[in-house]
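Engineer: Generate coordinates for the sequence data below:
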Amino acid sequence: MAKKIPMRQCVGCGEMKNKKEMMRVLKSEDGSVTLDMTGRKNGRGAYLCVDRACLAKARKNKGLERSFKMNIPQEIYGNLEKEFEESEHAGET
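Structural biologist: As a prediction, this is how the structure comes out:
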């Protein structure tokens, strides 16, 4: 029997994709929101395509706010964008 591939929905564009192809945004118990590159950290996760446009859409349509049931300050989106850039550059080397 074929192994089931875990699928997740992007909070930006709404597409269902393989969990491994996506970035996990994590809300930890203390309420901080970060990018979880390993996908294994404890906390509530929301998924985004590895695409800046999806982060922009999630910001616009409040996808992360809905997922985490909390208000997300603009600085957190700024931090996510920085982390996104760093991960993009890390993938290029």
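
Engineer: how far out from the middle of the chain is the helix ranked longest in the chain?
Structural biologist: Counting residues, the longest helix in the chain under DSSP state H turns out to be helix 74-92. Relative to its chain's centre, helix 74-92 lies at 11 Å (CA atoms, centre = their mean, to the nearest Å).

Engineer: So for residue 39, what's the pLDDT?
Structural biologist: If you check residue 39, the pLDDT there is 85.

Engineer: Same check on residue 26?
Structural biologist: 93.

Engineer: Could you do residue 88 as well?
Structural biologist: pLDDT, residue 88: 69.

Engineer: go on, the one 5 residues further on?
Structural biologist: With respect to pLDDT, residue 93 scores 49.

Engineer: what does residue 74 give?
Structural biologist: Here the pLDDT value assigned to residue 74 is 89.

Engineer: quick one: residue 18 and residue 3, what's the gap?
Structural biologist: For residue 18, the distance to residue 3 (CB to CB, to the nearest Å) stands at 12 Å. Placement of C-beta: from N, CA and C, glycine included.

Engineer: Spell out which strands sit alongside the helix or strand containing residue 9 in the sheet and which way each one runs.
Structural biologist: With secondary structure defined by DSSP states H and E, residue 9 is part of strand 7-9. Counting by DSSP bridges, the strands paired with strand 7-9 are strand 16-18 (antiparallel).
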